[in-house]
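**Student:** Build the 3D model from these lines:
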Amino acid sequence: MNEITFAGRRVPFVPGQSIGAALIAAGIKSWRTTRVGARPRGLFCGIGVCFDCLITVNDQASLRACMIEARPGDIVRGPDDA
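**Tutor:** Model (predicted):
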């Protein structure tokens with residue numbers, strides 16, 4: 001089975017699916033907060049224009065979850081968890 005790990009949780013994905021889409025499909029809607037007000041953020045535009053969906057994948061920070069294809073074994077964290 002194709003899985004990534006997010007916050008210690010196994011998240012399945014379909015080959016070709018973005019990490020953002022996999023997280024949303026698993027019911028994970030937010031993985032970072034804003035600097036002002038600590039408001040939850042996840043996918044917004046879904047096409048790489050905004051920066052609401054920033055994540056860290058395999059220790060590479062500041063990636064847009066909507067633009068990164070999920071790969072088996074990826075370790076994903078929100079930037080607040082870095």
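**Student:** show me what contacts the nearest residue to residue 17 once chain neighbours are set aside?
**Tutor:** Once flanking residues are discounted, residue 17 sits nearest to residue 70: 5.5 Å by Cβ to Cβ, 6 or more residues apart in numbering. Any C-beta I mention is one placed from the backbone N, CA and C, and that applies to glycine too. Applying Cβ atoms under 8 Å, 6 or more residues apart in numbering, we find residue 70 in contact with 2, 4, 13, 17-19, 22.
**Student:** quick one: which of these has the most company?
**Tutor:** Using other Cβ atoms under 10 Å as the neighbour criterion, residue 19 leads those with 26 neighbours.
**Student:** re earlier: mind checking which of the contacts of residue 70 land in helices?
**Tutor:** 19, 22 (DSSP state H).
**Student:** nearest to residue 79, of the contacts of residue 70?
**Tutor:** residue 19 (13.4 Å; Cβ to Cβ).
**Student:** Surely that closest one is in contact with residue 3?
**Tutor:** No. Using Cβ atoms under 8 Å, residue 19 is not in contact with residue 3; the gap is 11.7 Å.
**Student:** Understood, closing this out.
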